[in-house]
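Student: need a 3D model of the sequence below.
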Amino acid sequence: MISERLKPPPGCPSDSIVLSFPVPRELSGQRLDRFIQLRIPRLSRTRAQAIVRECAYRADGTKRRPSDLVREGETVLLVRPTFEEPETPQDFGVVYEDEALYVVHKPAGLPVHPTATYHRNTLTYMLRERFGPGAPQITHRLDRETSGLLVCAKTIADERIVKFAFESRKVQKSYLAIVFGEMDDEGLIALPLAPVKSGLHLLMEVRDEGDGSLAETQYRVRARQHQRSLVELSPKTGRQHQLRVHLAAVGHPIVGDKLYGPEKEAPFLEYIETGMTPTLKARLGHHRQALHAHTITFDHPRTGLPITLSADLADDLQTLWDSPPSR
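Tutor: Numbering: from 1, shown residues only. Have a look, this model is predicted:
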């Protein structure tokens, strides 16, 4: 769980960005770099060590080391200079709320967690602004460009239960994607995945059986038009970028995908360099990956009864689907 302190530790600039990470019982005794790696999604051990060396402080302003052990009840502080952030959507819909859960419809373009580029313009920060120190905690992942359902929990106990359900594959999810070409009616894509051996470190690739992790995606085509297919996807496993890699591997990449589209990672590198130009958007087919978290079914953390929620296709994707590709 992440919360924010109002004041930086002594010796740090007054306008510093400060994140605080309370240490729960189950993570007590971990090395500090490992603890930070566990609390910040998709962070490598090397990057976690660098962050600790540069940004980790105690409340009295003294620096911390990667090898420090964290203890239950203490709070780890990360302090970094303030910086100018890109604009992001500032509104999100609430699909469901009760005493334990807060389920939102995340808009495309809104990052979930703080990164090197985003801090205040994230869903984590917006929840904290809305609810204060006891803000709902996000229980699973959703890429910045992906729209749709995101489940948050209102207490630490509820968060643990929901996160465990995700980790033990007891949550059923479906996504909607607009892909290039006309896919077969339905099928199962079972292709092992692993991080690429060279190139951009964030990429995943299909590997031979035995050399990658099991990854399975069930799909069903809902409609076809304009040389594209609207596909419902049900991941049986939860590998990084699984849906995008699987669809690209069978010859039907997601429209707008900068990493796994027909040009591979070249559009991503161009986007980093120049932003989304009209020419790049025309080549990609859309300004963002046409992927939407559509439905989710899981057991309620307090009642144990199954709950199913859904979010309609995002407006920009509905417009994309209804419009023929530009020539």
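
Student: which elements pack onto the helix or strand hosting Cys152?
Tutor: Using DSSP states H and E, Cys152 maps to strand 147-153. When contacts are defined as 3 or more Cβ pairs under 8 Å, 6 or more residues apart in numbering; DSSP states H and E, strand 147-153 sits against strand 101-106, strand 137-138, helix 156-167, strand 291-299. Every residue, glycine included, has its C-beta placed from N, CA and C.

Student: helix or strand right after the worst-scoring helix or strand of the chain on mean pLDDT?
Tutor: Sorted by mean pLDDT, DSSP states H and E, the helices and strands of the chain end with strand 17-22, the least confident at a mean of 80. Scanning forward in sequence from strand 17-22 by DSSP H and E, the next helix or strand is helix 32-39.

Student: list the helices and strands that next one packs on?
Tutor: Counting contacts by 3+ Cβ pairs under 8 Å, 6+ apart, helix 32-39 packs against strand 17-22, helix 45-55, strand 75-80.

Student: need those in CSV (columns: mean neighbour count and distance to Thr279).
Tutor: Output for those, formatted as CSV (neighbours: other Cβ atoms under 10 Å; distance: least, Cβ to Cβ, whole Å):
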stretch, mean neighbour count, distance to Thr279
strand 17-22, 18, 35
helix 45-55, 17, 33
strand 75-80, 19, 35
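
Student: any idea which of the ones you listed gets closest to Thr88?
Tutor: Distance to Thr88, taken as Cβ to Cβ, is lowest for strand 17-22 among the helices and strands packed on helix 32-39, at 15.9 Å.

Student: now for that closest one, which elements pack on it?
Tutor: Counting contacts by 3+ Cβ pairs under 8 Å, 6+ apart, strand 17-22 is packed against helix 32-39, strand 75-80.

Student: how about these in JSON lines, adding distance to Ala100 and mean pLDDT?
Tutor: Converted to JSON lines, the helices and strands packed on strand 17-22 look like this (distance: least, Cβ to Cβ, whole Å; pLDDT from 0 to 100):
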{"stretch": "helix 32-39", "distance to Ala100": "22", "mean pLDDT": "89"}
{"stretch": "strand 75-80", "distance to Ala100": "24", "mean pLDDT": "87"}
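
Student: Throw those into a markdown table and include distance to Thr122, thanks.
Tutor: Listed next are those as a markdown table, based on distance: least, Cβ to Cβ, whole Å:
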| stretch | distance to Thr122 |
| --- | --- |
| helix 32-39 | 15 |
| strand 75-80 | 14 |
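
Student: of those, which is nearest Asp184?
Tutor: Smallest distance to Asp184 across those (Cβ to Cβ): 40.1 Å, for helix 32-39.

Student: buried residues, that closest one. List them.
Tutor: The neighbour-count check on helix 32-39 (16 or more other Cβ atoms under 10 Å) flags Leu32, Asp33, Arg34, Phe35, Ile36, Gln37, Arg39 as buried.

Student: pull the number of nearby residues for the spatially closest residue to the fourth one that is not a sequence neighbour.
Tutor: In this case it means Phe35. Nearest in space to Phe35, with sequence neighbours left out and distances taken as Cβ to Cβ, 6 or more residues apart in numbering, is Val70 at 4.8 Å. By other Cβ atoms under 10 Å, 22 other residues sit near Val70.

Student: would you mind measuring from the residue positioned nearest the centre of the chain to Thr295?
Tutor: With distances taken as Cα atoms, centre = their mean, the residue of the chain nearest its centroid is Leu142 (3.0 Å). According to Cβ to Cβ, to the nearest Å, Leu142 and Thr295 sit 14 Å apart.

Student: from the chain's centre, how far out does stretch 12-19 sit?
Tutor: Mean C-alpha position of stretch 12-19 versus that of the full chain (Cα atoms, centre = their mean, to the nearest Å) differs by 25 Å.

Student: meant to ask about stretch 123-132
Tutor: Here the centre of stretch 123-132 is set off from its chain's centre by 17 Å, with Cα atoms, centre = their mean.

Student: quick one: residues contacting the residue nearest to the centre of the chain.
Tutor: By Cβ atoms under 8 Å, 6 or more residues apart in numbering, the contact set of Leu142 is Lys106, Val112, Gly148, Leu150, Ala293.

Student: give me the angle between the strand holding Cys152 and strand 291-299.
Tutor: Strand 147-153 runs at 30 degrees relative to strand 291-299, counting by axes from the mean of the first three to the mean of the last three Cα atoms, to 10 degrees.

Student: name every strand pairing with strand 147-153 and say which way it goes.
Tutor: strand 101-106 (antiparallel), strand 137-138 (antiparallel), strand 291-299 (parallel) (DSSP bridges).

Student: can you give me the buried ones in the helix or strand that the first one is followed by?
Tutor: Remark: after strand 101-106, the chain's next helix or strand is helix 123-131, criterion DSSP H and E. Using 16+ other Cβ under 10 Å as the test for burial, helix 123-131 gives Leu123, Thr124, Tyr125, Met126, Leu127, Arg128.

Student: tell me the one among those residues nearest to Ile272.
Tutor: Closest approach between the buried residues of helix 123-131 and Ile272, by Cβ to Cβ: Leu123, at 22.2 Å.
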